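Participant: what's the 3D shape of this:
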Amino acid sequence: MPAVSKGDGMRGLAVFISDIRNCKSKEAEIKRINKELANIRSKFKGDKALDGYSKKKYVCKLLFIFLLGHDIDFGHMEAVNLLSSNKYTEKQIGYLFISVLVNSNSELIRLINNAIKNDLSSRNPTFMCLALHCIANVGSREMAEAFAGEIPRILVAGDTMDSVKQSAALCLLRLYKTSPDLVLMGEWTSRVVHLLNDQHMGVVTAAISLITCLSQKNPDEFKTCVSLAVSRLSRIVSSASTDLQDYTYYFVPAPWLSCKLLRLLQCYPPPEDGAVKGRLVECLETILNKAQEPPKSKKVQHSNAKNAILFEAISLIIHYDSEPNLLVRACNQLGQFLQHRETNLRYLALESMCTLASSEFSHEAVKTHIETVINALKTERDVSVRQRAADLLYAMCDRSNAKQIVAEMLSYLETADYSIREEMVLKVAILAEKYAVDYSWYVDTILNLIRIAGDYVSEEVWYRVIQIVINRDDVQGYAAKTVFEALQAPACHENMVKVGGYILGEFGNLIAGDPRSSPLVQFNLLHSKFHLCSVPTRALLLSAYIKFINLFPETKSTIQEVLRSDSQIRNSDVELQQRAVEYLKLSSIASTDVLATVLEEMPPFPERESSILAKLKKKKGPGAVSVNELEEGKREGGELNGGGGERGGDNSTIAASNASTPSPSADLLGLRTGPQVSAAPPSAGSLLVDVFSEAGVNDDGFLRDLEPPTESSDSLLAEGPGDSDSAPPSAVSEDAAPPLPESNELLNKFVCKNNGVLFENQLLQIGIKSEYRQNLGRMYLFYGNKTSVQFVTFTTTVSCPGELQSQLNVQAKPVEPLIEGGAQVQQVINIECLGDFCEAPLLNIKFRYGGALQNLSLKLPVTINKFFQPTEMASHDFFQRWKQLSQPQQEAQKIFKASHAMDTEVIKAKLLGLGMALLENVDPNPENFVCAGVIQTKAQQVGSLLRLEPNAQAQMYRLTLRSSKDTVSKRLCELLAEQF
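Facilitator: Next up, the predicted model:
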């Protein structure tokens, strides 16, 4: 860019600025400005024509006055005239004035556009850059209409200088953000993408910002950028700091470009080309390796640049969620940052690990840092870091560490920052319910929660504990005893009084045999809290009193005296007065039998969605709960019998009808690891409901559907209560789109796991969560609208093509036809395996987005291995059975090259994910893996044995499957060979 000569110093401007700075008061400044404005106005209106230097000087003064906060209503035409000057400094000031003071509705915009066109066609790179900067700064729709077709041509022209290409790319990006409908790349698309191969790193850096924005809206058009981005990233990552001297920042080669490349790759799924994917994995491994190297500089700029690339790489690894080794390594790297002296690094590490905790491959690795995270929760000075630590504890919690985490979160609650207490309370309540191993621990936890943070315990939390106690006979006595003891504290929170009033009103008779908790003692304890409570709590206590009359006739006279007192029957609150009068009359005139009927024990609550999770989602804000969070349900959790209906905590609903206790629930999140559930009443050790996931709570029939089939049932998926809207599987719709080319690859991702993101593009994200027991399964699909625009006429169809109709029975419940921007809807699919199968059901999705019909089809990840029942066998039994299955048609074998690192733990995890039992110390060669299992179908059971022989030196596997049915052996061999 041309240097400014000494003659362009504009001494008059310098004197004016000095005068303004020397003003002693606001009035003096305004007086000086008005004087200058009058002088400039007279100069512009004078007969004598001003030269370019004078115009520039006076326009500069107007700019300075505007920046001081004063309105400028003249001088615009003089600024436009400066655009036609051939002097750089004059043209620069003209463009600067227009960028700052001219709005898009100005009458001068046509003159300005003409001047810009002249500069763009001048081929003078300096003038072209000034014009492009002006277009970007104004960014109006008029300018987009005028130049949107011209700028791409400048960008890809072979004779355009590098500095102009940079400005053109960023200018086009600005116009695309303000008027995307006017910026149509069309024929320029491939040439813009190939700018990633440009020799000039500045051009690549500017172009990648443009390509990233364009690919987010039109991913298919720009998908060729993936291979080019990987190639460019590979060159940067493998280069030394001396190779890119002009773009090396504190010994880190091109850090900004590296981050942008990694961010661009996050717009797409993993590359389909094996060579490209391998090269990308090498890049990510190199970035992780460099993070372990000693720093080349002690300057903070070096570590910031290095860590910026590392965190973007980890975000890409998490986005792909397909490389177990990289996920575990990323987790270990983040673990090192948890104790770093830099607060921002600790925050980012905790935030990233929250996402890693939702991956099946890295969850165990995240759990190893539990002590460090707990220490951060206790000792961090920054409240935002403490909140991230609490979020990570919540994400890493499972059945093995639930008691420890809940205890630590309760301990932290006593000193927690007030801004996060409500959210902490909800999380403790959810974890206590989800992972409770016995009900007494759950009741103790919630009562302790009320004691510690009663002000932040919402109604949803104490409603929930009431519902659980009512639905569980084996915990009612313990709950009554515990709440009675809690109420004896001198300072008792009102929520504790509510819980106590409800539970003692229903089950106080269970502890009345102890003289220390006799009926009168219970009543006096409750009534001692009465005068300290709010009106709703007093109303609840009055309902508890009338219940006492039914439970303990000896308290009748005492309670009637309370109800008869002026403070009750003449209460200023209408609700309290009405209750006192009605309850008094009821206790006086009703016979014992009538009283017992009207005031009988509350019936069990029906199974419904717990409102605690809904409260947490609302607290987080719309769209805060992503599919990745829903994936947390894939780990072992529990199921509560008698879910969380939104029934109020007031037991005055005394005329409710009787309802039988729901049938025992299956372990929704630990079918293969949890205890088997029989038809007998559940014990106190059975598990609690998985309230974190939206799945498993909206359909009353699920748990009964998952029970083993009885002889009399023709099909457990036959229409039942609440299933009348279920859609039966149909033949493939005539207007359904063919399955996506990547459908088989997406299906293979879920062979060894049940939860994750099935499909994602720029409009739609489809998350999946599924559970299987014997020959039955239930799948939950979560459709997320990633845009800000509604999806309308949203419909889905599940079909079983060809022979699959006789092998699988699939029923899909209807889905909401309207999905708001940023919202998510859920669909339930019931599956019954009638016989062995090889194909997968098809899911067709249609909806309208912005008036355009979207039509796509996917394969649902329902494979034969989902119906495995693991079978433990001793070594002798295994090989005896192996020899019995020795017929050629019963065996399928495949020798193949390893496509992933041969890590023993990863192999074990995948084999367990297959559904078979992994048999230890069975094979004579300790390097080999053997498994056994039985596939459960309605028609028959198919026993299967597996032997996997890895050859680390040759990087090869030999996989052998033997089954009692040949088609099963072949299909399992095909599926599993793709996993290693």
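Participant: looking at it, Val825 is touching Tyr780, isn't it?
Facilitator: No. In this structure Val825 lies outside contact range of Tyr780 using CB atoms under 8 Å: 11.0 Å. Quick note: C-beta positions are derived from backbone N, CA and C, even for glycine.
Participant: looking at those two, which is more packed in?
Facilitator: Tyr780 (23 against 18; other CB atoms under 10 Å).
Participant: tell me the mean pLDDT over the strand or helix carrying that one?
Facilitator: Using DSSP states H and E, Tyr780 maps to strand 776-785. Model confidence over strand 776-785 averages 90 on the pLDDT scale.
Participant: against which helices or strands is that strand packed?
Facilitator: Here strand 776-785 touches helix 627-630, helix 702-705, strand 764-773, strand 791-799, strand 824-833, going by 3 or more CB pairs under 8 Å, 6 or more residues apart in numbering; DSSP states H and E.
Participant: one more time with 7 Å
Facilitator: Under the contact criterion of 3 or more CB pairs under 7 Å, 6 or more residues apart in numbering; DSSP states H and E, strand 776-785 touches helix 627-630, helix 702-705, strand 764-773, strand 824-833.
Participant: ok, now which ones touch Ile452?
Facilitator: 410, 413-414 (CB atoms under 7 Å, 6 or more residues apart in numbering).
Participant: so which strand or helix has it?
Facilitator: Taking DSSP H and E as the definition, Ile452 sits inside helix 439-453.
Participant: list the buried residues in stretch 922-936.
Facilitator: By neighbour count on 16 or more other CB atoms under 10 Å, the buried set for stretch 922-936 is 922-923, 929-936.
Participant: centre of the chain versus the strand holding Tyr780, how much separation?
Facilitator: 15 Å (CA atoms, centre = their mean, to the nearest Å).
Participant: can you list the strands that it pairs with?
Facilitator: strand 764-773 (antiparallel), strand 824-833 (antiparallel) (DSSP bridges).
Participant: how many neighbours does Asp966 have?
Facilitator: Quick note: Asp966 (other CB under 10 Å) scores 16 neighbours.
Participant: how far away is it from Cys838?
Facilitator: According to CB to CB, to the nearest Å, Asp966 stands 12 Å off from Cys838.
Participant: what of Asp877?
Facilitator: Noted for Asp877: a distance of 29 Å to Cys838, by CB to CB.
Participant: let me have the helices and strands packed on strand 776-785 in TSV, extended by mean pLDDT and distance to Glu422.
Facilitator: Compiled in TSV, the helices and strands packed on strand 776-785 are given as follows (pLDDT from 0 to 100; distance: least, CB to CB, whole Å):
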stretch	mean pLDDT	distance to Glu422
helix 627-630	37	18
helix 702-705	36	31
strand 764-773	89	27
strand 824-833	91	23
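Participant: how about Ile33, what does it touch?
Facilitator: By CB under 7 Å, 6+ apart, the contact list for Ile33 reads 65, 70.
Participant: so it sits in a helix?
Facilitator: Yes. Counting by DSSP: H, G, I helix; E, B strand; the rest coil, Ile33 is located in a helix.
Participant: got a pLDDT number for it?
Facilitator: 91.
Participant: please apply the same query to Ala614.
Facilitator: The confidence metric pLDDT takes the value 63 at Ala614.
Participant: to the chain's geometric centre, what's the distance from stretch 316-331?
Facilitator: For stretch 316-331 - counting by CA atoms, centre = their mean - the centre lies 17 Å from the chain centre.
Participant: again with stretch 776-786
Facilitator: With CA atoms, centre = their mean, you get 14 Å for stretch 776-786.
Participant: buried residues, that stretch. List them.
Facilitator: Buried residues in stretch 776-786 (16+ other CB under 10 Å): 776-785.
Participant: and stretch 375-389, by the same measure?
Facilitator: Buried, per 16+ other CB under 10 Å, within stretch 375-389: 376-377, 380, 385-389.
Participant: span of it from start to end?
Facilitator: This stretch, stretch 375-389, spans 9 Å end to end (CA to CA, to the nearest Å).
Participant: and if you look at stretch 741-757?
Facilitator: Start-to-end, stretch 741-757 (CA to CA) is 17 Å.
Participant: state the distance from Leu919 to Cys931.
Facilitator: Relative to Cys931, and taking CB to CB, Leu919 is found at 6 Å.
Participant: please apply the same query to Ala148.
Facilitator: Using CB to CB, we find Ala148 at a distance of 60 Å from Cys931.
Participant: repeat that for Lys45.
Facilitator: For Lys45, the distance to Cys931 (CB to CB) stands at 93 Å.
Participant: other residues contacting the host helix or strand of Leu525?
Facilitator: Per DSSP H and E: Leu525 is located in helix 519-527. Residues from elsewhere that reach helix 519-527, judged by CB under 7 Å, 6+ apart: 484, 487-488, 500-501, 504, 508, 512, 541, 544, 548, 552, 554-555, 558-559, 562.
Participant: from the residues you listed, which land in helices?
Facilitator: Per DSSP state H, helices hold the following members of the contacts of helix 519-527: 484, 487, 500-501, 504, 541, 544, 548, 558-559, 562.
Participant: possible to save those as a markdown table with distance to Asp220 and pLDDT?
Facilitator: Formatted as a markdown table, those follow (distance: CB to CB, whole Å; pLDDT from 0 to 100):
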| residue | distance to Asp220 | pLDDT |
| --- | --- | --- |
| Phe484 | 66 | 92 |
| Leu487 | 64 | 90 |
| Gly500 | 61 | 91 |
| Gly501 | 62 | 92 |
| Leu504 | 64 | 92 |
| Leu541 | 64 | 92 |
| Ala544 | 64 | 92 |
| Phe548 | 70 | 90 |
| Thr558 | 78 | 91 |
| Ile559 | 74 | 90 |
| Val562 | 74 | 89 |
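Participant: widest-spaced pair of these?
Facilitator: Maximum pairwise distance among the ones in helices among the contacts of helix 519-527 (CB to CB): 19.3 Å, between Phe484 and Val562.
Participant: and stretch 144-160, what's buried?
Facilitator: Within stretch 144-160, the residues scored as buried using 16+ other CB under 10 Å are 144, 146-148, 151-152, 154-156, 160.
Participant: buried subset of the contacts of helix 519-527?
Facilitator: 484, 487, 500-501, 504, 508, 512, 541, 544, 548, 552, 555, 558-559, 562.
Participant: of the helices and strands packed on strand 776-785, which approaches Gly915 most closely?
Facilitator: Among these, the nearest to Gly915 by CB to CB is strand 764-773 (7.9 Å).
Participant: related to what we said a few turns ago, in the buried residues of stretch 922-936, find the pair that's most separated.
Facilitator: Across those, the longest distance by CB to CB is 25.6 Å; it joins Asp923 and Gln936.
Participant: for the residue nearest to Leu326 when sequence neighbours are not counted, pull up the helix or strand it's in.
Facilitator: Distances taken as CB to CB, 6 or more residues apart in numbering place Ile317 nearest to Leu326, at 4.7 Å, with adjacent residues excluded. Assigned by DSSP H and E, Ile317 belongs to helix 300-320.
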